[in-house]
Structure formats: C-alpha cells, structure tokens
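Student: need a structure here:
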Amino acid sequence: MSILDQVPSVQDEVIPDNIPLIELADRVVRGKIRLSPPQQRMLIEMLPYIAPKLSATAIATMDGGSFAEALERAILRSQSPVPLLNGPVEPLPASELKKPFVRSNYRRF
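Tutor: Prediction:
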C-alpha cells in the first residue's frame, strides 16, 4: 500500500454564490466544509481585502484641557500652511560655487 492510497482525496466542491466569504471561512475553520488547496489559498489571500483589520491608536497628553479643545487646536494647525515648504532660500556666493564638489562623506570601492 503506497502513501498516496492513505491520503484522503479532496474533491473540488462548487461553492454556492450566495455564501459570503466570511461565512465560508467560518465553515472551513469549523470543519463543516473542506476546500481544495487552491480554493483554500484563494480564500486566505482574499480575506484581508474582504474583512480588513480596522484599528486606530491615539496617544495624547492632556494638560488640563479637554479633548474637544485639543481637537480644535489640531484642526487649526492642519489648516495653516506648512512653514518649511517653499521657504526662503539663501543663495550661495559665487566663490563657493566655483570650488570642486567634495565627496568626502562617500566611500569609494
């Protein structure tokens, strides 16, 4: 008797269209349905897109103010322009531009 005779064969079942993938995954986990390896792989790959994990985390230090006050300050900050972008640039003097470019910080192999 060979090893292949001992392995139970998995028949490709047609999955009904009216079963949501979350319910199908639940049935597979509970052993009510047995899928073929390609069907299982497809279910595993599709689950993060069908039922993504949603979470949010916030860390705040409340210095005696309420959450609403902190939220209002954050909204006002988000509406103001970013000070670092498109700021004034100091031009380099011509004597600095005429010098050769030094690559002392880079390694040469």
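
Student: surely Leu47 and Leu21 touch.
Tutor: Yes - using CB atoms under 8 Å, Leu47 is in contact with Leu21, at 6.9 Å. Every residue, glycine included, has its C-beta placed from N, CA and C.

Student: where do the helices sit along this structure?
Tutor: 3-6, 21-29, 37-50, 67-79, 94-97 (DSSP state H).

Student: kindly reformat the ones you listed as JSON lines containing mean neighbour count and distance to Pro88.
Tutor: Below are the helices of the chain laid out as JSON lines (neighbours: other CB atoms under 10 Å; distance: least, CB to CB, whole Å):
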{"stretch": "helix 3-6", "mean neighbour count": "6", "distance to Pro88": "76"}
{"stretch": "helix 21-29", "mean neighbour count": "14", "distance to Pro88": "55"}
{"stretch": "helix 37-50", "mean neighbour count": "12", "distance to Pro88": "46"}
{"stretch": "helix 67-79", "mean neighbour count": "10", "distance to Pro88": "22"}
{"stretch": "helix 94-97", "mean neighbour count": "8", "distance to Pro88": "18"}
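
Student: closest one to Ile59 among the ones you listed?
Tutor: helix 67-79 (11.9 Å; CB to CB).

Student: mind checking how far that closest one is from the chain centre?
Tutor: 26 Å (CA atoms, centre = their mean, to the nearest Å).

Student: let me see the mean pLDDT of stretch 43-62.
Tutor: Mean pLDDT, computed over stretch 43-62, is 83.

Student: and it, end to end?
Tutor: With CA to CA, to the nearest Å as the measure, the ends of stretch 43-62 fall 44 Å from one another.

Student: residue numbering should commence at 652 henceforth.
Tutor: Will do, 652 is the new start, and the previous item becomes stretch 694-713.

Student: so how far is that stretch from its chain's centroid?
Tutor: In terms of CA atoms, centre = their mean, the centre of stretch 694-713 is found 8 Å from the chain centre.
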